[in-house]
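Chemist: any chance you can model this:
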Amino acid sequence: MAKDVIIACDFDSAEKTYNFLDLFENERPFVKIGMELFYAEGPQIAKEIKKRGHKIFLDLKLHDIPNTVKKAMAVLSKLDVDMVNVHAAGTANMMKAAVEGLTRADGTRPLIVAVTQLTSTDEESLKEELLIDKPMEEVVMYYADNARKAGLDGVVCSPLEAAAVHAKCGENFITVTPGVRFEEGDRGDQKRVTTPAEARRIGSDYIVMGRPITAAADPVATYIRAKKEFTGE
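Modeler: All right, here's what the predicted structure looks like:
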């Protein structure tokens, strides 16, 4: 499986997003559209970025009753994005419904992955706030296996858990890993983090990087550095 760096375009307007993407004259990076940008601009932002030749990870983390998620995914399937996600905590039935809704009449669909635990969640908050007494890795592995059984293509997890997910669910089960920072970078609100090179060694398939690239003095050079460190090329 080809590894890639996904840039989190966490902007609050189309103008800021296009200005950022215009910097990449010779590159067409894989980009993530999250809640902030999608809620600000609506589906049109995905259509326009797709027209520009970028792959898109639509990161809306659906989590609702199965029927609602199924209908929402049927709408998202029309946007021609490349990857979408749900929360694994929504249960196996919800994830199965998501796959059903996402699958088009011709049998095609984007990749779909499930969020296991956010990389801003640590062991303490898992137990004290979510009342989950199992160790973090055990929880992530259980959620990942549920996603696999429900027919999903992979999970969103910490890069620290990527190798264990592959061991549990197979090498072709995708690991999308946020929580990646350069060695000298600020961790921000992330708790379970690695560098791009460490994520590669552990086994991440895709890394997601936002502020380390979007807030850099030279975003293009920083993206190229991240891609080189992650792919080893």
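
Chemist: so residue 60 belongs to a strand, correct?
Modeler: Yes: using DSSP: H, G, I helix; E, B strand; the rest coil, the assignment for residue 60 is a strand.

Chemist: what is the neighbour count of it?
Modeler: Residue 60: 16 surrounding residues under other Cβ atoms under 10 Å. Every residue, glycine included, has its C-beta placed from N, CA and C.

Chemist: now the helices for the chain?
Modeler: For the chain, the helices defined by DSSP state H cover 14-21, 35-41, 43-51, 66-76, 92-102, 123-128, 136-149, 162-169, 196-202, 211-214, 219-231.

Chemist: pull the distance from the second one to the chain's centre.
Modeler: Distance, stretch centre to chain centre, for helix 35-41: 16 Å (Cα atoms, centre = their mean, to the nearest Å).

Chemist: now swap in the third one and tell me
Modeler: In terms of Cα atoms, centre = their mean, the gap separating the centre of helix 43-51 from the centre of its chain is 18 Å.

Chemist: what comes up buried for it?
Modeler: For helix 43-51, the neighbour count (16 or more other Cβ atoms under 10 Å) marks 45, 46, 49, 50 as buried.

Chemist: name the nearest of those relative to residue 69.
Modeler: Of all the buried residues of helix 43-51, residue 46 has the smallest distance to residue 69: 18.3 Å, by Cβ to Cβ.

Chemist: please name the residues that touch that closest one.
Modeler: Residues near residue 46 by Cβ atoms under 8 Å, 6 or more residues apart in numbering: 33, 38, 56, 58, 79, 80, 81.
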